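Peer 1: sequence first, predicted coordinates after that:
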Amino acid sequence: MKVSRSITGALVLPFAFNPLSIAIAQEAESPQLDPIVVTATLGPKTVGESLASVTVIDEEEVRSKAPADFTDLLRGQPGINVTGNGSFGKTTSVYTRGVQNAGTVLLVDGVKLRSATSGGASWQYFPTDLIERVEIVRGPRSSLYGADAMGGVVQAFTLDPKYGKRGWVEAGAGNFDTQKVSAGVSGSVGNTRFSLSGLHKETDGTAIIEDGEDKGFRNTAGLGRVVHALDNGGEASVMLLQSEGNTEYEGGNIDYMIRTFGLGLMTPVNDNWKTSIQFSESRDESDTFSSFSDTTYNTRLRQAQWENTFTYSVHELVVGTELQQDEVSSTQDYSETSRTNAAVFSQLRLNFGPVDAQFSLRSDDNEAYGTKETGGVAFGYMFDRSHRVRASYGTAFRAPTFNDLYWPLAFNYQGNPDLEPETSENYELGASGSYERWFWDLAIYQMDIENLIGSGQVGTVDTRVNIDRARIQGAEASAGYEYNGWRTAVALTYLDPEDRKTGNQLRRITSRTARIDLDKAISDFTFGGSVVAEGDRYDDAANNNRLAGFATLDLRAAWNFAPDWNARLTLVNALDKEYSTAERFDGVKYIASGRTGMLTVRYDLR
């Protein structure tokens, strides 16, 4: 479901008949820093009311940071680890609360985007210039979103066609022979709003290993949205986002394409019942050209969802059903090329004065690995308008990928169709404060994972087996402040991700991260910077290959030098720190880019 921001940072949904809209309007009048989110629950709630650990990156923050990559927004946020095989469009993984990349769900306006073969999202190809808001929900959400939401959910909201905004044009250039141009236009006819935007970016890139050659990246992306407001307070919408191009790596290059398409309708049935239906499709496609062989991996996810929301006073019940189909087309001869998942889900939200309660339950029936039930329960208590505590318990699971299940026999390795999904139990305690100009949030949690999928043998064949267990304990703290042109945010994470079989630290996950963002607006100028620090990690399960910790400094400045004109300068890794978050199979470290500068000029059409 797509939402739009009010001038206070809250979100306003189009269905004014819903009693929740009253709460949203009241929140919009409040100066407190407690924005409304939609990803943590199946409907709009403030961050505090969601009873979850949530980070919101709003439109102002996205624009001020002007990140080169989408994961630059996520790096160092509470509970988030990001690793990459080099910079500029190279393979990137996001670990949420110590859960591997395939355990973090990426949604784009409610549409799931991932590769069915690898199981995770292609974060490196997602175009940051075409989004305006990000919500990061940490903790299990399988009872709402199904398989793979073990660590959490990241939802990106694309540019929404707004009344009174006609579009923009932006161009920029930087070192490593980097160029970028983007543009967008929007308008309205009666109750229909529409927008069309796109970008093209290319760079010669940098070396991704020591003494290697520069590896370039090219990306072209487009977004189209149409939103029609119905006379009864409902809404119909259609969205298409596509990103494609080429990225180079050691030994070859990849032509890639990711796409999401969504068609939705939301309408009220009466004052206490609204219904919505969404049809969507997402694709993740790649053609790899290397000195060894050329391969193709094309995956498609089709989904249909019907959701009904019933309200009674301040209480709410959501019930729905979902049908999902994965398809794979590849030069690899998979023994199965499709699988279907049918699900039913429900969520009950209750409010009794200062006490909030949430209950969720979902059943997924997958033709590849059977039926899995997941659930969640959460309670919150509001001491006063500013202070809350929360406690929750939830179960989740991660589905084995097509590579895990059906990889064809080659070099004595083969997939294992008898794999069971990974499962988890999660416990969390949290407390938060939200005030006129600042907020804070604390959380401690434990996740116990069973049936971890790892490497093993069946007979004499190397394959994937359910052999491991893990316990992940952690603590997170975050705070933010806005006043008199100052805007700052601090995030701290401590993580103990332990393989219970060996006692080792889980691969590629650091136990300590910190992030500090600071910006100041002075007249027509804005200055800011970000510091991200990460502790050491191990690239292998045996904990033999240690990767050193590091800290980076990013700087930025913007100048509104004329009406509707803006110039922006960003300097990433300003101190030119050399660091690595992953190694190649032969032990060679992938290195991040050094100091990276970018100057852009933008004109907004009003």
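Peer 2: Arrived safely, thanks for sending. Numbers count the residues shown, from 1 in each chain.

Peer 1: and the helices in the stretch 201-350 of the chain, which stretches?
Peer 2: Applying DSSP state H, counting those that start in this stretch to the stretch 201-350 of the chain gives no helices.

Peer 1: go on, the chain?
Peer 2: For the chain, the helices defined by DSSP state H cover 19-29, 59-65, 71-74, 142-145, 402-406.

Peer 1: what stretches of this protein score poorly on pLDDT?
Peer 2: 1-33, 163-165 (pLDDT under 70).

Peer 1: which residue is nearest the centroid of it?
Peer 2: Centroid check for the chain by C-alpha atoms, centre = their mean gives Val154 as the closest residue, at 2.5 Å.

Peer 1: correct me if wrong: Leu223 contacts Pro161.
Peer 2: No - Leu223 lies out of contact with Pro161 (C-beta atoms under 8 Å); the separation is 10.4 Å. Glycine gets a C-beta too; all of them are placed from N, C-alpha and C.

Peer 1: now do the shared contacts for these two.
Peer 2: Ser195 (C-beta atoms under 8 Å, 6 or more residues apart in numbering).

Peer 1: show me where the stretch 151-300 of the chain has its strands.
Peer 2: For the stretch 151-300 of the chain, applying DSSP state E, counting those that start in this stretch gives strands covering 152-158, 167-174, 178-189, 192-207, 214-229, 235-249, 252-270, 273-290, 294-312.

Peer 1: wait, which of those strands is closest to Asp517?
Peer 2: Closest of these to Asp517 is strand 152-158, at 17.9 Å (criterion: C-beta to C-beta).

Peer 1: run the chain-centre distance for that closest one.
Peer 2: Relative to the mean C-alpha coordinate of its chain, strand 152-158 is positioned 4 Å out (C-alpha atoms, centre = their mean, to the nearest Å).

Peer 1: check which helices and strands it sits against.
Peer 2: Strand 152-158 sits against strand 92-96, strand 104-108, strand 131-138, with contacts defined as 3 or more C-beta pairs under 8 Å, 6 or more residues apart in numbering; DSSP states H and E.

Peer 1: out of those, the one nearest Phe217 is which?
Peer 2: Closest of those to Phe217 is strand 92-96, at 11.8 Å (criterion: C-beta to C-beta).

Peer 1: what's that closest one in contact with?
Peer 2: Contacts for strand 92-96 (C-beta under 8 Å, 6+ apart): 69, 71, 74, 79-85, 100-101, 103-104, 120-121, 123-124, 136, 138, 151-152, 154, 508-509, 582.

Peer 1: now do Gly251: how many residues are near it, please.
Peer 2: The tally of other residues near Gly251 (other C-beta atoms under 10 Å) stands at 10.

Peer 1: for Tyr249, see how far away the spatially closest residue to it that is not a sequence neighbour is.
Peer 2: Of all residues not flanking Gly251 in the chain, Ser290 sits nearest, at 5.1 Å (C-beta to C-beta, 6 or more residues apart in numbering). Separation of Ser290 from Tyr249 (C-beta to C-beta, to the nearest Å) stands at 9 Å.

Peer 1: so which of the two has more stuff around it?
Peer 2: Tyr249 (20 against 13).

Peer 1: and the more buried one, what does it touch?
Peer 2: 85-86, 90-91, 208, 215.

Peer 1: surely Ala171 touches Val601?
Peer 2: Yes - using C-beta under 8 Å, Ala171 is in contact with Val601, at 6.0 Å.

Peer 1: just to revisit the earlier point, let's see if you can find the most crowded of the contacts of Tyr249.
Peer 2: Most surrounded of the contacts of Tyr249: other C-beta under 10 Å gives Gly86, at 30 neighbours.

Peer 1: contacts only, for it.
Peer 2: For Gly86, the contact set (C-beta under 8 Å, 6+ apart) comprises 206-209, 215, 249, 590-593.

Peer 1: and among the strands of the stretch 151-300 of the chain, the most buried is which?
Peer 2: strand 152-158 (a mean of 25; mean count of other C-beta atoms under 10 Å).

Peer 1: which residues sit against it?
Peer 2: 2-3, 38-39, 70, 74, 79, 94, 96-97, 99, 104-110, 126, 130-141, 145, 223, 225, 239, 241.

Peer 1: report the strands that pair with it, each with its relative direction.
Peer 2: Strand 152-158 sits in its sheet next to strand 104-108 (parallel), strand 131-138 (antiparallel), going by DSSP bridges.

Peer 1: now Ala477: how far from Ile80?
Peer 2: 14 Å.

Peer 1: can you list residues touching both of those two?
Peer 2: Thr493.

Peer 1: when the two are compared, which one has more neighbours?
Peer 2: Set Ala477 next to Ile80 and count neighbours by other C-beta under 10 Å: Ile80 wins out with 26 against 16.

Peer 1: ok, what's across the strand from the more buried one?
Peer 2: Thr96.

Peer 1: fine, thanks again, bye for now.
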